[in-house]
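> predicted structure and sequence below. I'll ask about it afterward.
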Amino acid sequence: MIRGIGFLLLIFSLGLSSCSTETGFYAENTFSSDLPLATERNVSPERITYSSTISNLVSTFPKFKNVAVNNQVRELKQNLTNYLYAIQTSNAKEKKKSLKSFEDNYKSIQKLRKHLKSDDDQVLNRYLVKIKTNVSLLEAVEKSESQTTISSN
């Protein structure tokens, strides 16, 4: 009987201590409030779609057996992340810099593709084509929006 009560007290005390550590997960994230919501900034649905697609491709990009390709892919992903952040914060200088770096990484990866197996090359090519397409479409939307803003003033 005493063992049963001791066991219940142990379980109960573990339950209390685990609850106190979980409160950190519910803390408010201050980063999300730093930037206005897309709806507050009148961002077009196309811009959201293309940015989201790029972000999803970056997060799901596979790893390859070739170290040089993986290093270039890591840099490409970082440059794309910087590019999306620059667009979100309307930082034209950073956007231009990260877009140029992305293009350089893209070219480097294209040169390294010949060292991959056919299957890996096809997977890499699919990702690169999707990324390049969405970056081009996002740039077109950005250009269109900036021309619309200029002409309406």
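Cool, the structure landed.

> in this protein, which helix has the most residues?
helix 118-152 (DSSP state H).

> residues of that helix that come out buried?
Across helix 118-152, burial judged by 16 or more other CB atoms under 10 Å covers Asp120, Asp121, Leu124, Tyr127, Leu128, Ile131, Asn134, Val135, Leu137, Leu138, Val141, Glu142. Backbone N, C-alpha and C define where each C-beta goes, glycine included.

> neighbours of the spatially closest residue to the second one that is not a sequence neighbour, how many?
Beyond its immediate neighbours in the sequence, the residue positioned closest to Asp121 (CB to CB, 6 or more residues apart in numbering) is Arg113, lying 5.3 Å away. Arg113: 16 surrounding residues under other CB atoms under 10 Å.

> what's near enough to touch Arg113?
Val69, Asp121, Leu124, Asn125 (CB atoms under 8 Å, 6 or more residues apart in numbering).

> what is the subsequent helix or strand relative to the least confident helix or strand in the chain by mean pLDDT?
Every helix and strand of the chain was ranked by mean pLDDT, DSSP states H and E. The lowest is helix 2-22, at a mean of 48. Where DSSP states H and E defines the elements, the next helix or strand beyond helix 2-22 is helix 45-60.
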